[in-house]
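Novice: Sequence plus the predicted model coming up.
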Number of protein chains: 2
Amino acid sequence: MRIAIDAMGGDNAPDEIIAGALESIELLAEDVELILVGPAETIEPQLPSLKSRKGAISVVHAPDVIGMDEPPIGSLRKKPKSSIATIAKLAKRGQVDAVISAGNTGACVAAFQMRMRNLPGVNRPGIAVVFPTFEGPVTICDVGANIACKPIHLYQYAVMASIYSKHLLGIENPRAGLMSIGAEDAKGNEVVKKARELMKADTNMNFVGNIEGRDIFKGICDVAICEGFVGNVILKLTEGLVDGLFKAIKHELMEEKLRLAMKFKPVMTRIYKKYDYNEYGGALLLGINGTAVICHGSSRSRTIKNAILASKTYYTKRINDKITEYLSQTPFDDQLQGLQTQKSALGNSQNANPQKLA
Amino acid sequence: MRIAIDAMGGDNAPDEIIAGALESIELLAEDVELILVGPAETIEPQLPSLKSRKGAISVVHAPDVIGMDEPPIGSLRKKPKSSIATIAKLAKRGQVDAVISAGNTGACVAAFQMRMRNLPGVNRPGIAVVFPTFEGPVTICDVGANIACKPIHLYQYAVMASIYSKHLLGIENPRAGLMSIGAEDAKGNEVVKKARELMKADTNMNFVGNIEGRDIFKGICDVAICEGFVGNVILKLTEGLVDGLFKAIKHELMEEKLRLAMKFKPVMTRIYKKYDYNEYGGALLLGINGTAVICHGSSRSRTIKNAILASKTYYTKRINDKITEYLSQTPFDDQLQGLQTQKSALGNSQNANPQKLA
């Protein structure tokens, strides 16, 4: 297996990316090769000569870098030799089996979608993030790939995230919830209401109905489905709130007694580690015809290492085959098609690569 | 001033509602009267004879109760004599100056909007909640009144929440942020992008641009604007996450040392109290022609007491006059009108009471 890593992606590139790649090598089987992609003159001096495994890491030169704040489509057009564009091209040509980047999320989604295309039967890819909660891991999809969601997209996210949850997290019959603003059928906007019908119609899915924001942490679902805008707010709000709350706790403890604060520090560190979603190694772009992991822009070496391991597991467990099989062979297919035809506004379309670069 | 309180609203009604009303009396001036609305036979036996202030509390009989999970419009149609419908009617007839309920939020919004109508110049009311953060209070609007937001609605929420923040929270020149999925202009869905243009065009507004979920807790804005679906997810996610995190901390502390957990308990309690948004006394329904406070379904007496005090301040400070004045006299009005005409899809309409009951 060959894994291409965007060496220039994220706020801590290239140092932490290269460090993460090096850390992962000892944990990978002999047949896994890592390809660092970026300006060769930057990367090569940082690579030690690996005595243990010659050829475990190589470099593919890509002179340009897309900044974290550049407009995705425009920057890909302007910088066809950027590291993001290059890893996408390597995947397209079949030269690598997985791609990883902590760079500009929008540019990654656009490049991967355009070059690697969607899996058969999938209309739009979605980013899945695993939230480690007190009650167990919850897979949330989509957290930002698709901000113009149609009901069929949400339904497919539920299928893909459930398969991911089952085969990667080992949850036997994942309970899928649909993010809304109330548990009742009538709650939610039009897209959510129609997605709900599709999810209900799929008797193979363990659909537990609408969920609310608070339910993610209550152990009532293993998979939480939402459109990209909402999921992105959820992801970033959680980050900000956890940081803010820990800051408040620290402040209160300091006011109370410095010694108490010192005692509490290791507890905080342990909680941080236990509930850090970076531990899961970034976010899978589900629905793409290949294996693509998108990491947080602030990723450090540990996240990159975990992302490499996650991409290997995803690839090895043939998750994509399982998704394709599910979507093509579901016994409820006719019923679902009927529902789609009946409600033409559901927004199904198979030619769904709306972002065109050229 | 006369304040009508839905005695039957919420999970802890009527006991906690009545208790909250009684608690507030000593904090209110002589000229404030409270009217508890609900089944007289349930409420009256619970009212002590108030020696301090005769006539400070009275009861208006309303035999029916709308359940928390009933469909809003349908239940109002079926139960015109419910406590929610009754407080709305009292406000419509000018018999009370403010209404408060911890009951079915959808039913409250629908009843208040239909009976009390919107403020002149306001298209759709929005629910504003104050989040107490480490960096100061942040007013979030809308958190669930309007899940079919148009750009003009978001713009008006920014106006109203800014006025609220200034005059009720004492923030001199509130910084308004627009919830999106990235700081850049190009980020966000179509509604957000157009709302951004409107907010930019209003030079009287202290608009700080797009914000992301994490920014609520970072002290970069005093007001956060979002559509009701997103705001509702934010509100409930925050609740669930704080609960979940405290549970995790408690668990870790117990594993560590029971004595440490005991020491940490008062700190937790203090943080809970400091960062409890119920302390602000529920959520104001901004944009309604009157004073309407909607409380959390799980409200206890303290929240109800604070809601009563908040409604009094809102009314006394004549916030609605300030909103109407701002919307009618803004010097950028022509420009805004131009922007609206130019982009007919912005969705402005003055006859905006889309929820019809009869």
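Specialist: Cool, the structure landed. Residues are numbered from 1 along each chain as shown, chains lettered A, B, ... in the order given.
Novice: Okay, buried residues for the helix or strand where A:E16 lies please.
Specialist: Using DSSP states H and E, A:E16 falls within helix A:15-25. Judged by neighbour count (16 or more other Cβ atoms under 10 Å in any protein chain shown), helix A:15-25 contains these buried residues: A:16-22, A:24-25. Bear in mind the C-beta positions are built from the backbone N, C-alpha and C, glycine included.
Novice: Which of those sits closest to chain B?
Specialist: Comparing these against chain B with Cβ to the nearest Cβ places A:E16 closest, at 20.5 Å.
Novice: which residues touch the closest one?
Specialist: Neighbour list for A:E16: A:10, A:299-301, A:304 [criterion: Cβ atoms under 8 Å, 6 or more residues apart in numbering or on different chains].
Novice: Taking these, tell me the two that lie furthest apart.
Specialist: Using Cβ to Cβ, the pair of these lying farthest apart is A:G10 and A:S301, separated by 11.1 Å.
Novice: who's more crowded, those two?
Specialist: Between A:G10 and A:S301, A:G10 has the larger neighbour count (other Cβ atoms under 10 Å in any protein chain shown), namely 23 against 18.
Novice: Not counting its neighbours along the chain, what's nearest the more buried one?
Specialist: Excluding its sequence neighbours, the residue lying closest to A:G10 (Cβ to Cβ, 6 or more residues apart in numbering or on different chains) is A:A102, at 3.2 Å.
Novice: Ok, A:G231 next?
Specialist: Among residues not flanking A:G231 along the chain, A:V143 sits closest, at 3.7 Å (Cβ to Cβ, 6+ apart).
Novice: Neighbours of the one you found, how many?
Specialist: 27.
Novice: what are the pairing partners of the top strand by length along chain A, and which direction each?
Specialist: What stands out as the longest strand in chain A, according to DSSP state E, is strand A:126-133. If you go by DSSP bridges, strand A:126-133 pairs up with strand A:136-141 (antiparallel), strand A:283-286 (antiparallel).
Novice: Buried residues, it. List them.
Specialist: Going by neighbour count (16+ other Cβ under 10 Å), the buried part of strand A:126-133 is A:126-133.
Novice: One more: stretch A:76-86?
Specialist: Quick answer for stretch A:76-86 (16+ other Cβ under 10 Å): A:76, A:79, A:82-86.
Novice: Just name the most buried of the strands paired with strand A:126-133.
Specialist: Of all the strands paired with strand A:126-133, strand A:283-286 has the most neighbours on average by mean count of other Cβ atoms under 10 Å in any protein chain shown, namely a mean of 28.
Novice: residues contacting the residue nearest in space to the middle of chain A?
Specialist: Central residue check for chain A by Cα atoms, centre = their mean: the C-alpha nearest the mean position is that of A:A283, 2.2 Å away. Contacts for A:A283 (Cβ under 8 Å, 6+ apart) come out as A:127-129, A:143, A:293-295.
Novice: Looking at those, which one is closest to chain B?
Specialist: Chain B has its nearest neighbour among those in A:V143, at 9.2 Å by Cβ to the nearest Cβ.
Novice: Quick check: phi and psi on the closest one?
Specialist: Here is the backbone geometry of A:V143 (degrees, to the nearest 10): phi -110, psi 20.
Novice: got the contact list for it?
Specialist: Residues near A:V143 by Cβ under 8 Å, 6+ apart: A:126-129, A:228, A:231-232, A:234-235, A:283.
Novice: For A:A13, see how far away the residue nearest to A:G231 is.
Specialist: Here the criterion is Cβ to Cβ, to the nearest Å. By it, A:V143 lies 21 Å from A:A13.
Novice: so where's chain A uncertain?
Specialist: Along chain A, the model assigns pLDDT under 70 to residues A:50-54, A:256-257, A:277-278, A:330-358.
Novice: now the strands: where do they sit in the stretch 51-200 of chain A?
Specialist: Assigned by DSSP state E, counting those that start in this stretch, the strands in the stretch 51-200 of chain A fall at A:57-61, A:98-101, A:126-133, A:136-141, A:176-179.
Novice: To B:K247, which of the ones you listed lies closest?
Specialist: For B:K247, the closest of the strands of the stretch 51-200 of chain A is strand A:126-133, at 9.6 Å, according to Cβ to Cβ.
Novice: Can you name the residues of the stretch 51-200 of chain A that neighbour chain B?
Specialist: Contact residues (Cβ under 8 Å from any Cβ of the partner chain) of the stretch 51-200 of chain A with chain B: A:69, A:71, A:106, A:133-135, A:144, A:147-148, A:179, A:181-184, A:186, A:188-189.
Novice: Identify those among those residues that sit within helices.
Specialist: Among these, DSSP state H puts A:G106 in helices.
Novice: Can you tell me which of the residues of the stretch 51-200 of chain A next to chain B are buried?
Specialist: A:71, A:106, A:133-135, A:144, A:147, A:179, A:181-182, A:188-189.
Novice: So which residues of the stretch 151-300 of chain A form helices?
Specialist: Applying DSSP state H, counting those that start in this stretch to the stretch 151-300 of chain A gives helices spanning A:151-169, A:190-201, A:228-256, A:258-274.
Novice: Dump the buried residues of helix A:15-25 to CSV, plus distance to B:A158.
Specialist: Output for the buried residues of helix A:15-25, formatted as CSV (distance: Cβ to Cβ, whole Å):
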residue, distance to B:A158
A:E16, 38
A:I17, 39
A:I18, 44
A:A19, 44
A:G20, 41
A:A21, 45
A:L22, 48
A:S24, 46
A:I25, 51
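Novice: List just the nearest of these to A:S49.
Specialist: A:S49 lies nearest to A:L22 out of the buried residues of helix A:15-25, by Cβ to Cβ, at 11.6 Å.
Novice: so who does A:Y315 touch?
Specialist: Taking Cβ under 8 Å, 6+ apart as the contact definition, A:Y315 lies against A:1, A:97-98, A:291.
Novice: one more time with 10 Å
Specialist: Counting by Cβ atoms under 10 Å, 6 or more residues apart in numbering or on different chains, A:Y315 makes contact with A:1-3, A:32, A:97-98, A:290-291.
Novice: Show me the two of these that sit farthest apart.
Specialist: Spatially, the most separated pair among the contacts of A:Y315 is A:V32 and A:G290, at 15.9 Å (Cβ to Cβ).
Novice: Quickly list what's touching both of A:G10 and A:S301.
Specialist: With contacts taken as Cβ under 10 Å, 6+ apart, the residues that reach both A:G10 and A:S301 are A:16-17.
Novice: surely A:G213 meets B:D243?
Specialist: No: between A:G213 and B:D243 there is no contact under Cβ atoms under 10 Å: 11.5 Å.
Novice: who has more neighbours, those two?
Specialist: Counting neighbours by other Cβ under 10 Å for A:G213 and for B:D243 shows that A:G213 has the greater number, 26 against 15.
Novice: Could you measure from the more buried one over to A:R196?
Specialist: Going from A:G213 to A:R196 by Cβ to Cβ gives 17 Å.
Novice: before we move on, what about A:A158?
Specialist: As judged by Cβ to Cβ, A:A158 and A:R196 stand 10 Å apart.
Novice: which residues do those two both contact?
Specialist: Residues touching both A:A158 and A:R196 (Cβ under 10 Å, 6+ apart) are A:178, A:207, A:225.
Novice: Many thanks, have a good one.
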